[in-house]
Every structure is written in structure tokens, then in C-alpha cells.
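*Asks:* With the input below, show me the fold.
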Amino acid sequence: MRKTFGGYYTPTEEEFSVLWEKCLFTFDANVLLNMYRYSLSTTEELFGVFEQVSGRIWISHHAALEYHQRRLDVIEQQEKTYEDIEGELNRTIARLRDRLLSDKHPFVEDADQLVEKIENLFKKTLKKLGKHKEDCISLIENDKIKDRITKLFDGKVGSAFKTERLDEIYKDGKKRYDSKIPPGYEDVKSKQDNKKYGDLIIWLQIIEKAKAKKTPVIFITDEKKDDWWLRFKGKIIGPRPELVEEISSEADVSFYMYRVEPFLEHVKKFLERQVQEETIEEVRELSKRDETFAKYLRETAAAARSQFPTSVIDRILASQPSQMAKDFALSSLIADQSLVDTLTKSAASIRSMSTMQAINELRTTQSVAHTMAEAAKIARESLERPEKIGEEQEDDKERPSEDKPEDEK
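*Replies:* From the prediction side, this is the model:
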């Protein structure tokens, strides 16, 4: 039974040992692109692992192509992230200075000295951020990560499919996707035209390599979609059984997949290489942030669909190039509506309050309104650059003080 339905069984300890000893390691584009998002120490450790098995690594042509096509976008996203943090630090110190100095609280002694200490700490942090930002910008022309990736995969990149083969894949891919045959059918929701077949092309190129080399394959990817993974109650159990069975049928080889975090955990066991816990934790945290953001987009987009007229939703969706951009646009609607609701409710409650209560309520409302308005604006501006959604936020701008009444802004 295990032999007949091998895709539904996790390899035994002995099978894993043989797999890791003899396999070809192949990588998805997102694994290489995330090297730009990790700290220098984590990036260095990952390179160390990849270089240890450099004689047994390979990357499909389409995965390598996606890496090159998206590399500058990821670098720009990282630069924007530094700018966002810098802006938030500057706004925070401005608000603290305003609160502590212009409206001195009787229980806060030596406010001037306190502000000075905080400003000095922030200045040191901003200086470090500035250096990291410069390093990030320098990658555009002097990309040491790209240089190492190029050297690592020299002579280890697969061949491109010819046009005739691609046309066959697009035709067959539609049938596969309609039948929910993995991988790639989830991309119908988020990618246009033939771009939605990218995962399928990568998968078929992996199978072609496995056929030619007749060796087991381990695929390392940071994909999260269910058209790659078998899940139970949200937890990844392993690769989709259909994938294991397809590559076994087509190439007669064993196959397994890892996200980067569990891959590093198994490196310690099967490659007998020490991996810092800080490295694994950083990889884990980045993955969690990506999943949290994606979940937020899905949930707020669903809420918008239930709250706004179909005609409004249709006009918004028609103008967006991808599913993620569509979700971001709908999320912006929710942020705008929440702002309106907050201000309306506060205006009604303030009428029945004393003067002091009203002032305190107005300050709280302004703080919430400011945050919501900022989030909505970020969403709208991000839509102008749909390929960078997820990391980008608005540039640092001077913000009005929270303490001023609304009519003074």
C-alpha cells in the first residue's frame, strides 16, 4: 500500500537519510530573493550551507529568470523599509518632544534631560539605519549577493523551454488548473496571462532534470500556497501527494520539499552542520510576517466585498493588475470607512461630554484617525506600484501634532 500511495506517506528515517545523501538540491526564486531581506549574518550562514552542497545544487531556468526579473524590486522594497523606519522614529521623537515639553506632566521630572537622552538614542539608531540603507542602495550597482549567487550556480542552471513546449504547457496548464492539479493553480487568482503558469513551468523543468539525472530531488521554496503543500488544520504536513506521485511516475525518483526554516533544521541533522538558532529564528519571523500580511489583505478585502456595493467593487477590481493589488485596493476601502465611522461616533459622543472629557476624547480620536488615515493613504499610494506591495510605505513626511484640535490642522 505504501508503494502504491507513496505520496501520502512521510519518508522513513532511513529514506530521508538516503535522500539527503544522494539528492539534487534545487531552489525556488523566492529563496534567493529573500537573501536580500535577511540580516548579513543570516545571509552569510545560508550561503555557507548552499556552498557546502555546491556539487549537488541546480536551479531551473524559470526560477533563475524570476530571480533576475524581481531582484531590483526586492532591493527597492528594502530601501523603502529603511525609509519607513526612519520616518517612524522621527515622528515618534517629535510627538514625545511635543508631549513632554509643551504639556509638562507633574509626575515627569527633568523633561528636558529625558527628551535629550531619548533623542540621542534615536540619533544613534538613525545613523545605523542610514548606513544599512546606503548598503542596500549600493546593491543596485555593486550587488555582492548577486555575485555569490552567480558563482554558486555557475554551470548549474537548467535550459529554457522552447516556444513550442511553452505553448503546450499553457494549453495543458489550463486543464490542470481547472482540475486543481498542483502546482500553480492558486496563481490564477493573482497573476495575469501566462505568468500564472510560472510555478508549473518550474515544476516541469525540475521533472525534466530528474529524468535526465536519475537522482532524488529536494526542492527548497518559501512558497506558502496550498497548491504546493498538504496541510492539516493549517499546519504543513509535507508536499502535495500529487507532486510526489507525478515526479515518481515521470522520472522514477523520490522527491521532497522544504521551506527554508525546516530545511535549516534538517541541515543540522543530515549535513552535520551547525546552524545558529538566531538564523533559524530570523527566517521563521520573516515567514510569519509575510503570512500575517497576506492574511490581513485577504480578510480586509473580504470585508470590503461584503460592505460595499458590487458596482463599486467591480470598478476598483477592473483597474488593478493583480489579485494582490485588488486585495490592497479593497483593504484601502475598509481603512477609509473605519476612519469615517470613528470620527462619526466620536462626534456624537462628544456632544454629551464635559469640556475636559471632550478634549480628552478628541485627542484619542485624532490619534486613531491619524493612524487610520495614514494606513489608507499608504494603501492607495502602494497601488501605484503593485509589484512592491507588502514592504512599501509612504516617505517620511512632517505630521501635525496629535494634541491640536482638528480645526487647527
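
*Asks:* Tell me where the model's unsure across the stretch 251-400 of the chain.
*Replies:* 293-294, 296-298, 301, 319-400 (pLDDT under 70).

*Asks:* 50 - rerun?
*Replies:* Applying pLDDT under 50 to the stretch 251-400 of the chain flags the ranges 339-340, 342-343, 346-347, 350-351, 353-400.

*Asks:* Same check on the stretch 1-150 of the chain?
*Replies:* Residue ranges of the stretch 1-150 of the chain with pLDDT under 50: 107.

*Asks:* swap the cut-off to 70 and go again
*Replies:* Those would be 79-86, 96-97, 99-112, 114-115, 126-140, if you go by pLDDT under 70 across the stretch 1-150 of the chain.

*Asks:* Show me the strands in it, by range?
*Replies:* 24-27, 57-58 (DSSP state E, counting those that start in this stretch).

*Asks:* most neighbours per residue, which of those?
*Replies:* strand 24-27 (a mean of 22; mean count of other C-beta atoms under 10 Å). Yep, even glycine has a C-beta here, placed from its N, CA and C like the rest.

*Asks:* Kindly format the C-alpha coordinates of that strand as PDB.
*Replies:* Output in PDB follows, covering the C-alpha atoms of strand 24-27 (Å, rounded to 0.1, in the frame of the first residue of the first chain):
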ATOM      1  CA  LEU A  24      20.000  17.100  -6.100                       C
ATOM      2  CA  PHE A  25      19.100  20.300  -4.200                       C
ATOM      3  CA  THR A  26      17.100  22.800  -6.300                       C
ATOM      4  CA  PHE A  27      15.800  26.200  -5.300                       C
END
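
*Asks:* about what we covered before: redo the strands of the stretch 1-150 of the chain as JSON lines? Include distance to Phe270.
*Replies:* Converted to JSON lines, these look like this (distance: least, C-beta to C-beta, whole Å):
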{"stretch": "strand 24-27", "distance to Phe270": "11"}
{"stretch": "strand 57-58", "distance to Phe270": "15"}
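
*Asks:* For Ile207, find the nearest of those.
*Replies:* Taking C-beta to C-beta, strand 24-27 is the member of those nearest to Ile207, at 11.0 Å.

*Asks:* neighbouring strands for that closest one, and are they parallel or not?
*Replies:* Applying DSSP bridges to the sheet, strand 24-27 is found paired with strand 57-58 (parallel), strand 217-220 (parallel).

*Asks:* circling back to that earlier point, which one of the strands of the stretch 1-150 of the chain lies closest to Arg240?
*Replies:* Among the strands of the stretch 1-150 of the chain, strand 24-27 sits nearest to Arg240 (C-beta to C-beta), with 16.7 Å.

*Asks:* Out of the strands of the stretch 1-150 of the chain, which is closest to Ile93?
*Replies:* So among these, strand 24-27 is nearest, using C-beta to C-beta, at 42.0 Å.

*Asks:* And the lengthiest helix in the chain, what does it pack against?
*Replies:* Counting by DSSP state H, the longest helix found in the chain is helix 61-97. With contacts defined as 3 or more C-beta pairs under 8 Å, 6 or more residues apart in numbering; DSSP states H and E, helix 61-97 has these neighbours: helix 29-33, helix 111-138, helix 198-213.

*Asks:* Give me the angle between it and helix 198-213.
*Replies:* Orientation note: helix 61-97 sits at an angle of 140 degrees relative to helix 198-213 (axes from the mean of the first three to the mean of the last three C-alpha atoms, to 10 degrees).

*Asks:* Need the nearest residue in space to Glu45, chain neighbours excluded.
*Replies:* Distances taken as C-beta to C-beta, 6 or more residues apart in numbering put Thr279 closest to Glu45, at 4.7 Å, once the chain neighbours are dropped.

*Asks:* what about that neighbour, how many neighbours?
*Replies:* Residues lying near Thr279 (other C-beta atoms under 10 Å) number 22.

*Asks:* residue contacts, it?
*Replies:* Ser41, Thr42, Glu45, Leu46, Leu264 (C-beta atoms under 8 Å, 6 or more residues apart in numbering).

*Asks:* cool, Val275 as well?
*Replies:* Contacts of Val275 (C-beta under 8 Å, 6+ apart): Glu45, Val49, Leu264, Glu265, Val267, Lys268.

*Asks:* let's go with 7 Å and repeat that
*Replies:* Val275 makes contact with Glu45, Leu264, Val267, Lys268 under the criterion C-beta atoms under 7 Å, 6 or more residues apart in numbering.

*Asks:* Going through those, which ones are buried?
*Replies:* Glu45, Leu264, Val267 (16 or more other C-beta atoms under 10 Å).

*Asks:* Adding distance to Phe308 as columns, could you present those in CSV?
*Replies:* Listed next are the buried ones among the contacts of Val275 as CSV, based on distance: C-beta to C-beta, whole Å:
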residue, distance to Phe308
Glu45, 47
Leu264, 44
Val267, 48
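
*Asks:* Sitting in helices, which of those residues do you find?
*Replies:* Glu45, Leu264, Val267.

*Asks:* show me the contacts for the last one.
*Replies:* Pointing back at Val267 there. By C-beta under 7 Å, 6+ apart, the neighbours of Val267 are Val49, Arg273, Val275.

*Asks:* Could you do the first one as well?
*Replies:* If a contact means C-beta under 7 Å, 6+ apart, then Glu45 has Val275, Gln276, Thr279 as its contacts.

*Asks:* Right, I'll leave it there.
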